[in-house]
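Enquirer: When you get a sec, could you give me coordinates for this:
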Amino acid sequence: MCTTGWIKTKKGFIVFKNRDRLPDENINSNYFTNEGGVVFFGDRKFNGSWIGINKLGVAITHSFGPNRDVPEGYSQNENFLLNKTILEKAQSLDEATNLYKDLFIKEKIGKSYNVMICDGTKSNVFEFILDNYCMKESNDCALRSNHFHIMEDYNVDEKVVCRSKKRLLRMKSLLKNVESGQDLIPILKSHSENGKENICRHDYAVTVGSVIMELKDGLIEVHHILNKSPCEGDYVNETIKIQNVY
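Expert: Predicted structure coming up:
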């Protein structure tokens, strides 16, 4: 579940996420905070971040991968705390990338993930499943949902993979004229004619929050809507000053 992305801009970058959950889950636990040099969005059911940027301009977000089965000997925990820990510690994109890789394996996180670690120069996109991982660099735009692009042998859940691929194809087609975070709002609210390509989802999963974080000129411009579907209301806009050194 979830759709995430990174777009390089002339003055910085945009990172965004539509957060999806199962319809029977409590959706009223998402929150926004700025603490310890990290601007992030979390879920009160977990400790950590599902999208965030640190004071040096390094951002991390993620989506589930194609497999959520957790074998014996691996942790059932989400990777939220790992996201926040890396944002608190990392002084650069390279440091964040290396720390994340090492700690994900060390902590034996059991669920599969697409993890996006980025700044204003590039996005490093990981595919993690148990002790296996791979990484791809993107220099202009990166998009991920719930299937793997490299380790395709793990794309075994046909329903998840089919919808994920269709959603990303539609997302790519809508991003052609995006120049700012504001431009993303109608896209992240959007529905398709048949419902199977919805960016704002209402199928076996429901979008329960949407965040756009745009870093430029030492400022983070944040657009967010929490604990409801993006199509159900207006985004809140906030601007936060950070120490941007990349």
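Enquirer: and residue 196, what helix or strand is that in?
Expert: Secondary-structure element containing residue 196, defined by DSSP states H and E: none, the residue being outside all helices and strands.
Enquirer: same deal with residue 183?
Expert: Under the criterion of DSSP H and E, residue 183 resides in helix 181-188.
Enquirer: From the contact counts, what lies against that helix?
Expert: Applying 3 or more CB pairs under 8 Å, 6 or more residues apart in numbering; DSSP states H and E, one finds that helix 181-188 makes contact with strand 12-21, strand 206-216, strand 219-226. Any C-beta I mention is one placed from the backbone N, CA and C, and that applies to glycine too.
Enquirer: between whichever helix or strand comes after the first one and strand 12-21, how many degrees?
Expert: By that I understand strand 12-21. Using DSSP H and E, the helix or strand that follows strand 12-21 in sequence is strand 30-35. Here the directions of strand 30-35 and strand 12-21 differ by 140 degrees (axes from the mean of the first three to the mean of the last three CA atoms, to 10 degrees).
Enquirer: buried set for strand 30-35?
Expert: Going by neighbour count (16 or more other CB atoms under 10 Å), the buried part of strand 30-35 is 30, 32, 34.
Enquirer: Would you reformat the helices and strands packed on helix 181-188 as JSON lines and include distance to residue 63?
Expert: Shown next, in JSON lines, are the helices and strands packed on helix 181-188 (distance: least, CB to CB, whole Å):
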{"stretch": "strand 12-21", "distance to residue 63": "8"}
{"stretch": "strand 206-216", "distance to residue 63": "12"}
{"stretch": "strand 219-226", "distance to residue 63": "17"}
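Enquirer: Same list, those, but as a markdown table with mean neighbour count, mean pLDDT and distance to residue 71 please.
Expert: Formatted as a markdown table, the entries for these read as follows, by neighbours: other CB atoms under 10 Å; pLDDT from 0 to 100; distance: least, CB to CB, whole Å:
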| stretch | mean neighbour count | mean pLDDT | distance to residue 71 |
| --- | --- | --- | --- |
| strand 12-21 | 25 | 96 | 23 |
| strand 206-216 | 25 | 96 | 28 |
| strand 219-226 | 21 | 96 | 33 |
